[in-house]
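Visitor: this one's structure only:
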């Protein structure tokens, strides 16, 4: 079972403060005793606490509590030949690492490598943790998250916010590089290059930081060019966005930099136009209408558009401004089919009941779907409200296959019906559909 850094520190704190023993922690958190010991040491090192086996002097009395991570004599005697050889190799490796100025603790996901710890006071570096491999992992994590964010189709974070983890910004990377160079000069560590020459570890870290800094600055520049509304741009025309276009005889999609041009027409006369970098038409209707209002005043009575402009935000804007909506719904053709009217899993094919100001639905099997909770979802600065309805018990229902989405009789036998309804959006769609 993997634990986050905060959870490992919390486990280590309990062990260090004698709130729980290592063996009990191993049983409770399903880890080995060695891993529990490493969690305790991680908490001790992060907080700069003394080791638990330190010499305590009280009133001219010296009390020594020995608790070493190395095996004692009895453990050595019980080891096999292969285990003794392995312990000997481990001890020799640890000695070599200490001579080179770093120490390795733990294994696997809990492996922590402390580097140049004895140089911290010598060179006046304020934060020794900057030279722990875990700190390097944070820098690598920044690069990977920005790389995925640049390539992803659906942004999780707005582009006007640059991801920075624990202050590891490009300036922080540059400061780390300067500290590494200062240590290398002070310790007479020569940076080498060329075939057959092994680079020292400090040089490898320095070069990796240099590469990370360049890439992070590249990501930052790209995000500044794109702004918060785009996730792509053309290097030859920075204001153009890559869009999917149909331009060959077979209507194959071509991904090319382009602009989204909107034209407002009245009685076959072009009134005005609007150019944007949006890949879809959802966010272009309101700017076009605002431009029209600014030029001609509030004289609009109705608006006709295709289903590409149909969204809750647009229909709500038209309703608030007393403008009739002749926008085709996205499911306009689907509503004419038999499958739409016979889908028993959809709320619009259920019976709506109201009792004491509380509304609920009756499914095809006669069971009640009561209101469970309200959920909020934000998209492009607009907040949508969803009402969640659910059935308390669907056991024994013979209509599960047609009611539950992707129902699997083997896996979903105990699953109950839950549905989310955006009631405002549904009302707006019905009002717009009634005009057709």
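Guide: That came through fine. Treat the numbers as computed from the prediction; the structure is a model and nothing was measured. Residues are numbered from 1 along each chain as shown.

Visitor: what bits of the protein have low per-residue confidence?
Guide: In the prediction, the chain carries residues with pLDDT under 70 at positions 1, 52-79, 81, 84-85, 88-89, 91-172.

Visitor: can you point me to the longest helix in it?
Guide: Longest among the helix segments of the chain by residue count, using DSSP state H, is helix 201-226.

Visitor: just how off-centre is it within its chain?
Guide: In this view, helix 201-226 has its centroid 21 Å away from the chain centroid, taken as CA atoms, centre = their mean, to the nearest Å.

Visitor: Which SSE is immediately downstream of that helix?
Guide: Sequence-wise, the next helix or strand downstream of helix 201-226 (DSSP states H and E) is strand 241-246.

Visitor: Report the inter-axis angle for that following strand versus helix 201-226.
Guide: 60 degrees (axes from the mean of the first three to the mean of the last three CA atoms, to 10 degrees).

Visitor: What are the contacting residues of strand 241-246?
Guide: Strand 241-246 is contacted from outside by 230, 232-234, 252-260, 277-279, using CB atoms under 8 Å, 6 or more residues apart in numbering. Where you see a C-beta, it was placed from the backbone N, CA and C, and this is true even at glycine.

Visitor: Which of those residues are buried? Put it as a ChimeraX command.
Guide: Burial among the contacts of strand 241-246 is assessed by 16 or more other CB atoms under 10 Å; the matching ChimeraX selection reads:
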select :230,232,233,257,258,260,277,278,279
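
Visitor: Please flag which of the contacts of strand 241-246 sit within strands.
Guide: The subset of these located in strands under the criterion DSSP state E comprises 253-258, 260.

Visitor: Residue 365: which of these is nearest?
Guide: Closest to residue 365 out of the ones in strands among the contacts of strand 241-246 is residue 253 (43.8 Å), distances taken as CB to CB.

Visitor: What residues are recorded as beta-bridge partners of the closest one?
Guide: Here residue 253 shows beta-bridge partners residue 246, assigned using DSSP bridges.

Visitor: dump the residue contacts of it.
Guide: Going by CB under 8 Å, 6+ apart, residue 253 touches 244-246.

Visitor: out of those residues, which is most surrounded?
Guide: Counting neighbours by other CB atoms under 10 Å, the top entry in these is residue 245, with 13 neighbours.

Visitor: Give me the distance between that one and residue 307.
Guide: With distances defined as CB to CB, to the nearest Å, the gap from residue 245 to residue 307 amounts to 19 Å.

Visitor: top strand in this structure by residue count?
Guide: Here the longest strand in the chain is taken by residue count, with DSSP E as the criterion, and it is strand 368-379.

Visitor: elements contacting that one?
Guide: If contacts are counted by 3 or more CB pairs under 8 Å, 6 or more residues apart in numbering; DSSP states H and E, strand 368-379 sits against strand 358-362, strand 382-391, strand 418-421.

Visitor: Let's see that with 6 Å instead.
Guide: In this structure, strand 368-379 makes packing contacts with strand 358-362, strand 382-391, judged by 3 or more CB pairs under 6 Å, 6 or more residues apart in numbering; DSSP states H and E.

Visitor: For residue 221, which of these is the nearest?
Guide: strand 382-391 (29.1 Å).

Visitor: who touches the next helix-or-strand element following the closest one?
Guide: The helix or strand immediately downstream of strand 382-391 is helix 400-403, counting by DSSP H and E. Contacts made with helix 400-403 from outside it, assessed by CB atoms under 6 Å, 6 or more residues apart in numbering, are listed as 344-345, 407, 417.

Visitor: would you turn these into a markdown table with secondary structure, neighbour count and distance to residue 48?
Guide: Conversion of the contacts of helix 400-403 to a markdown table gives the following (DSSP: H, G, I helix; E, B strand; the rest coil; neighbours: other CB atoms under 10 Å; distance: CB to CB, whole Å):
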| residue | secondary structure | neighbour count | distance to residue 48 |
| --- | --- | --- | --- |
| 344 | coil | 12 | 64 |
| 345 | coil | 18 | 59 |
| 407 | coil | 15 | 57 |
| 417 | coil | 23 | 55 |
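
Visitor: Among the contacts of residue 253, which one sits closest to residue 273?
Guide: Proximity of those to residue 273 was ranked by CB to CB; the top entry is residue 245 with 18.6 Å.

Visitor: Check the spacing between the closest one and residue 308 real quick.
Guide: Using CB to CB, one gets 14 Å for the distance from residue 245 to residue 308.

Visitor: Over to residue 420?
Guide: Residue 420 sits 24 Å away from residue 308, going by CB to CB.

Visitor: Residue 274 now?
Guide: From residue 274 over to residue 308 (counting by CB to CB), the distance is 14 Å.

Visitor: So the two - more neighbours on which side?
Guide: Here residue 274 and residue 308 are set side by side on neighbour count (other CB under 10 Å), and the busier one is residue 274, at 17 against 14.

Visitor: packing partners for whichever strand or helix holds residue 430?
Guide: Residue 430 belongs to helix 423-433 when assigned by DSSP H and E. If contacts are counted by 3+ CB pairs under 6 Å, 6+ apart, helix 423-433 sits against helix 312-320.

Visitor: Distance from the chain centre to the helix it packs on, please.
Guide: If you compare the mean C-alpha spot of helix 312-320 with that of the full chain, they lie 31 Å apart, counting by CA atoms, centre = their mean.

Visitor: just the angle between that helix and strand 368-379, please?
Guide: Comparing the axes of helix 312-320 and strand 368-379 via the same axes, to 10 degrees yields an angle of 90 degrees.

Visitor: on contacts alone, who are the packing partners of the next helix or strand after helix 312-320?
Guide: With elements assigned by DSSP H and E, the helix or strand that comes after helix 312-320 is strand 324-327. Where contact means 3+ CB pairs under 6 Å, 6+ apart, strand 324-327 is packed against strand 302-305.

Visitor: partners of the strand it packs on, with directions?
Guide: Partners of strand 302-305 in the sheet, by DSSP bridges, are strand 324-327 (parallel).

Visitor: Would you indicate which residues of the strand it pairs with are buried?
Guide: For strand 324-327, the neighbour count (16+ other CB under 10 Å) marks 325, 327 as buried.

Visitor: Run through who's touching the helix or strand following that strand.
Guide: Tracing the chain past strand 324-327, the next element assigned as helix or strand by DSSP H and E is helix 338-341. With contact meaning CB under 6 Å, 6+ apart, helix 338-341 is reached by residue 334.
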